[in-house]
Each structure stands twice: as structure tokens, then as C-alpha cells.
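1. need the 3D shape of this:
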Amino acid sequence: MDRTFIKRRYYDMRLGGTQVSPIIQMANFVAISFLYIRHIIPIEVFAPIFLILGFIALSYVGVRFRKHQASTDYDMLFEKQTQQAKILYQIMKALGDDKERSDEFKEQLKYLKGISEGKI
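-> Okay, here's the model as predicted:
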């Protein structure tokens, strides 16, 4: 059996787990919460309140993640794509001669070269 096949299945399993486990955890949380509150609040009142509060909480966490963590994840992913960095480096290098380029442009070229060589 090919080693990449095993790595790919493990990666797929991790991705699947991250998609399914929050649903299972949420179902457990709802069931346990209702078991403790069922003598005080009927299900007809508990369900809408829980849905509204859950929607607000998940939206808040999603916004915080998108604003703070997602950009870091995208940057880290970009730095692991050496082939894409090689292609971008070649394209940027072909855009003009060294005398006309700004310092920022040269800095970006250096950054892409570091990624393509695996130094970053």
C-alpha cells in the first residue's frame, strides 16, 4: 500500500472529524441542557431560546475567527505552497529589470524565493 494513500486517508479522516464532531457535541449539549432544565422550562420555550442564543454565539465566534485567525491560517498555507511560489517568482521576475523595481517589489521577490526554496 502506498504511503501517500495512508496519509491522504488520515488527512480526510481529520477533516471529516472536524466537520462532524461539532454537530455531535452540540446535540449532546442540547440534550444534557434540556435534561437539567426540563422541570423549569417546557420544550416549546427551551427550543427557540436555545436556537436564538446558539445562533448569536456561533455568529460571534465565527466573526472573531474570521477577523483574527483565518488570515494567519491563509498565510501559513501560502508559505507551504512552494510550487506556487516558484511560479509567482518567475512571473514577477519577468515583469521588468532590477533598476525600475521598487524596494517593496524586491522584498516580495526575496520572500517568494525564500518560500520556493523552502527556507520560510
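2. domain parsing for this protein?
-> 3-68, 78-116 (automatic domain parsing).
3. lowest average pLDDT across the ones you listed?
-> When the domains of the chain are compared by mean pLDDT, domain 78-116 comes last with a mean of 81.
4. and that one, end to end?
-> The stretch domain 78-116 measures 11 Å between its terminal residues, going by C-alpha to C-alpha, to the nearest Å.
5. buried ones in it?
-> Neighbour-count burial for domain 78-116 flags 85, 88, 89, 92, 101, 109, 112, 113, 115, 116 (criterion: 16 or more other C-beta atoms under 10 Å). For the C-beta atoms, the positions are set from N, CA and C on the backbone; glycine is no exception.
6. among the residues you listed, which are in strands?
-> The strands in this structure, assigned by DSSP state E, contain none of these.
7. so which of the residues you listed are in helices?
-> Using DSSP state H, 85, 88, 89, 92, 109, 112, 113, 115, 116 are the members of the buried residues of domain 78-116 that sit in helices.
8. how about a markdown table for these, with distance to residue 70 added?
-> Shown next, in a markdown table, are these (distance: C-beta to C-beta, whole Å):
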| residue | distance to residue 70 |
| --- | --- |
| 85 | 21 |
| 88 | 21 |
| 89 | 25 |
| 92 | 25 |
| 109 | 26 |
| 112 | 22 |
| 113 | 26 |
| 115 | 20 |
| 116 | 24 |
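9. biggest separation within these, which pair?
-> Greatest spatial distance in those: 92 and 115, 12.3 Å, computed using C-beta to C-beta.
10. overlap of the contact sets of those two?
-> Common contact partners of residue 92 and residue 115 (C-beta atoms under 8 Å, 6 or more residues apart in numbering): none.
11. against residue 81, how distant is residue 116?
-> Distance, residue 116 to residue 81, using C-beta to C-beta, to the nearest Å: 9 Å.
12. so which of the ones in helices among the buried residues of domain 78-116 is the closest to residue 76?
-> Nearest to residue 76 out of those is residue 115 (C-beta to C-beta; 11.3 Å).
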